[in-house]
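Student: need coordinates for the following:
(2 chains)
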Amino acid sequence: MASKAPTIRALTRYLLRPPVPLHARCQRRQYSAAAPGARLNGSVEYDTVPILNHTSKSALSNPELPAETRNGQTKRINLYTAVNEALRHALQTDERVLVFGEDIQFGGVFRCTMNLAADFGTERVFNTPLCEQGLVGFAVGAAAEGMRPVAEVQFADYVFPSFDQIHNEVAKYRYRSGSTGVNCGGLVIRMPAGSVGHGALYHTQSPEALFTHTPGLRVVIPRSPTQAKGLLLSAIRCNDPVIFMEPKILYRAAVEQVPVDAYHLPLDKAEVLKTGKDVTIISYGTPLYTCSAAIAAAEKDFGCSVELIDLRTIYPWDRETILNSVKKTGRAIVVHESMMNAGVGAEVAATIQEKAFLKLEAPVKRVAGWATHTGLMFEQFIIPDVTRVYDAIKQTIDY
Amino acid sequence: MSFRYMLRRIWIKKVLGPQSCLNGPGRVAEAPLWQRCRGVASTANAEKVLFPGALNSQFTDKLDFMQPSEQNAIPTFRVMNQLGEIIDKEIGVETENEEALQIYKNMVKLSIMDLLMFEAQRQGRLSFYMVSAGEEGISIGSASALHPSDVAFCQYREAGVYLQRGFKLSDFMNQLFANAKDNGLGRNMPVHYGSKELNIHTISSTLATQIPHAAGAAYALKMQNIQNPDQEKRVAVCYFGEGAASEGDFHGALNIAATRQVPCIFICRNNGYAISTPTSDQYRGDGIASRGAGYGIATLRVDGNDIFAVRRATKEARRLALTHGGQPVLIEMMAYRVGHHSTSDDSFAYRQRVEVEDWKRRDNPITRLRKWLERQSLWDDAAEKELRSKTRKEVLKAFEEAEKEKKPSIRHAFEGVWEELTAEQREHVSEMRDVIRRYPKEYDVEGFEGGMRGLDELVRKKA
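Tutor: Just a heads-up that it's a prediction; the model follows:
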């Protein structure tokens, strides 16, 4: 970067003390970090968290995998590599698949499209001009004419110029076309979403609730590399358009054993990650890790038993799995990063209240972002943390 | 509806007579062509088309598609060549020696701040930073040619505009650390500066959204210029990159700026890259300047490495923007992005190191101005050495002071969303305060100015 004159760099190093070990891309000041003496906050350990498959055996025991995949091999990869593998498989097996977006040709700002342009050519994997409404609309047209475009929006925070295309075009194409049958199924719009600790107003948002207020869309958020690979392949194969939101902090943080073969995971099923008797926690994406840490502490401290469910498909969502669980436990907590008002938690809580009212032992609790924007220095207070989930478990059980 | 519309049309025609000038300014003695032609149909033997959508267009029997690629590229305006020699000595540089020196010092200051802050990010002391390397001349040169009361909208690589207008090193550092003295109240990512005193709107990470804002702000200034004739007339100026110009907002902005004839200077920094995307993937026309004609906007392409050209172009653009009651101007400033897009980017993943080194050696706004200063005997190695050493110390002093400051009050997490705190927000604050109270070890609130008091004040405050 800039001048490499040794005098300047030497002086800089000397004056900018104390020198922290240099690691170009990972070393970042965390504006919003847990307190030094915290027991709950900051206790997410990606290396040991039970919701990731740390062994090949656990990865292959997943009953949703087809038999031949369960007899196959696994590989330890992170989430962006899993996305890359899914895209690679789709490009290899279906010539209708196209992959495009801003800066994707060199691998993308999160490395999800590494080597795809080189391996499949820039006719199928290409950069678009910097225009979300343009590239999403382009994807709609390509899908309506029989291709299976996977369009990338660089950050979920930047999806809004294409909101008209998504809400008015993508979602309504099939309905509007009536008996002509034309639709834009096969279209997948991928976007990194969620908080990372220093993204402030425009690199933190999780706008999934905005897309769940639109009939005709499927909204999917994977929690792990295995899920990302299987759900993305299903999304590309699906004949409905899919909004695929990837929790960007997990791109590198979430590493697990993933089947080497291609496989598809269902787009209409929530998944019970951990069974329990006393309270059900429903969440998706990054907060599942927060929940998992909170559950570990709460079960130890209160001797309770907590069930954890990954919604996975945010819309349309699997009411049956959630209702069955809540009818069993009698208590429910919904956790998500985006703000509480009119969020996914509101819909889940209302459904539970409608369909399982007589089984409820406590009000459905929502642990979600507060009614504000995610100011840089305040993210740790706004996004649900382990303490808030832990406390929600306590309050719900004690109700 | 159509019936009522027809009635209205008939009534207006009666009142206004044959000239159907519906929304033009009444004071103009002779209406412009587009108004005069509107109501008149073409005669059978006319030489020109009189369709309302294309005025003054000659008929032709040649089937001849316009082929933009066959036309010469728009020229690039220059005052000074790469050796620091002035091309038209009669006009000269239109800059006093003192001012040239001050501009030079600011460009050096910006480049040193960039170098140190980039390094600070690499050391983990800042989360993010963006350098201006190669584009210092555009931001500092253009800002030096504007009036301080002109309203500026920036993208994110215009720290030079802030610096030239008087944003202090401490202001920069307080924002970068998002500390208690940051006027962004700790809410924004680094480099999202803003200043009410300096008439620069706070930066948003979203691209191109500021371009229509500038058009609207310029319309407000146009109205205010009329309403307050005694005050210095003001223009709006908007900066954006060639990548952002691909967004729909660019089109919306320039088109409405033209139809409303607003006093706005649109300054495109064409630095060759939008993160990794080269201009060849961004557009196929002749840069951004070629689009100006499409909107009917006065347009100029300028060598962004030539500070005197940037200044003359901006001064003239300002004069143009204020003539005929206001009109938009587009300037495409050519540059090369020497640095990475940001500290989150490693540009050698998509461009050759030699390409960057070559550009750095070949041309750069700072060295070009230095060559001129040395030719005028205004500058030498000793002065350079002293300036660099002094500036480095100033930057580091401001850096260390800002780093020591407390974090901003937690109340700023909730205030400013609406004008007043809502009942829902107050409930959220209470719930959050309650959690922090019951789990004191989990939160470090003392690092924030006023600690828990920031939240207590919010809860106490009456609706």
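Student: which of the three states applies to A:Ala368?
Tutor: Each residue gets one of three states, and A:Ala368 gets strand by DSSP: H, G, I helix; E, B strand; the rest coil.
Student: how about the strands in the stretch 1-150 of chain A?
Tutor: A:74-78, A:97-101, A:125-127, A:148-152 (DSSP state E, counting those that start in this stretch).
Student: what does chain B give?
Tutor: Shown for chain B, the strands assigned by DSSP state E span residues B:48-49, B:57-58, B:151-153, B:236-241, B:264-270, B:273-274, B:277-278, B:298-303, B:329-334.
Student: could I get those strands as TSV with mean neighbour count, distance to A:Ile382 and mean pLDDT?
Tutor: To be clear about C-beta, it is placed using only N, CA and C from the backbone, and glycine gets the same treatment. As requested, these are arranged in TSV below (neighbours: other C-beta atoms under 10 Å in any protein chain shown; distance: least, C-beta to C-beta, whole Å; pLDDT from 0 to 100):
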stretch	mean neighbour count	distance to A:Ile382	mean pLDDT
strand B:48-49	14	60	72
strand B:57-58	9	58	88
strand B:151-153	26	28	98
strand B:236-241	29	30	98
strand B:264-270	30	34	98
strand B:273-274	23	31	96
strand B:277-278	18	33	96
strand B:298-303	23	44	98
strand B:329-334	27	39	98
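Student: which residues touch A:Ala200?
Tutor: A:374-376, A:379, B:187-189, B:192, B:205 (C-beta atoms under 8 Å, 6 or more residues apart in numbering or on different chains).
Student: quick revisit: please identify the most buried of the strands of the stretch 1-150 of chain A.
Tutor: Among those, judged by mean count of other C-beta atoms under 10 Å in any protein chain shown, the one packed with the most neighbours on average is strand A:148-152 (a mean of 27).
Student: residues in contact with the helix or strand that that one is followed by?
Tutor: The element immediately downstream of strand A:148-152 (helix or strand, assigned by DSSP states H and E) is helix A:163-164. Outside helix A:163-164, the residues that touch it by C-beta under 8 Å, 6+ apart are A:133, A:210.
Student: now the element after helix A:163-164, going C-ward?
Tutor: Using DSSP H and E, the helix or strand that follows helix A:163-164 in sequence is helix A:173-177.
Student: may I have that following helix as PDB, with CA atoms only?
Tutor: Extracted C-alpha coordinates of helix A:173-177, given in PDB (Å, rounded to 0.1, in the frame of the first residue of the first chain):
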ATOM      1  CA  TYR A 173     -43.800 -13.200 -11.900                       C
ATOM      2  CA  ARG A 174     -45.600 -16.500 -11.800                       C
ATOM      3  CA  TYR A 175     -48.900 -15.100 -10.400                       C
ATOM      4  CA  ARG A 176     -49.000 -12.300 -13.000                       C
ATOM      5  CA  SER A 177     -48.200 -14.600 -15.900                       C
END
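Student: mind listing what's buried in that helix?
Tutor: Of the residues in helix A:173-177, those buried under the neighbour-count criterion (16 or more other C-beta atoms under 10 Å in any protein chain shown) are A:173-174.
Student: still on that earlier bit, how about TSV for the strands of chain B, with distance to chain A added?
Tutor: Putting the strands of chain B into TSV (distance: least, C-beta to the nearest C-beta, whole Å) gives the following:
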stretch	distance to chain A
strand B:48-49	31
strand B:57-58	29
strand B:151-153	16
strand B:236-241	9
strand B:264-270	13
strand B:273-274	5
strand B:277-278	5
strand B:298-303	20
strand B:329-334	16
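Student: which one of the ones you listed lies closest to A:Thr321?
Tutor: Closest to A:Thr321 of the strands of chain B, according to C-beta to C-beta: strand B:277-278, at 42.5 Å.
Student: what's in contact with the closest one?
Tutor: A:102-103, A:105, A:127, A:129-130, B:243, B:272, B:351.
Student: export those as a markdown table, with columns for distance to A:Thr280 and pLDDT.
Tutor: Compiled in a markdown table, the contacts of strand B:277-278 are given as follows (distance: C-beta to C-beta, whole Å; pLDDT from 0 to 100):
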| residue | distance to A:Thr280 | pLDDT |
| --- | --- | --- |
| A:Glu102 | 40 | 98 |
| A:Asp103 | 41 | 97 |
| A:Gln105 | 44 | 97 |
| A:Asn127 | 44 | 98 |
| A:Pro129 | 46 | 98 |
| A:Leu130 | 43 | 98 |
| B:Gly243 | 46 | 98 |
| B:Gly272 | 54 | 96 |
| B:Arg351 | 51 | 96 |
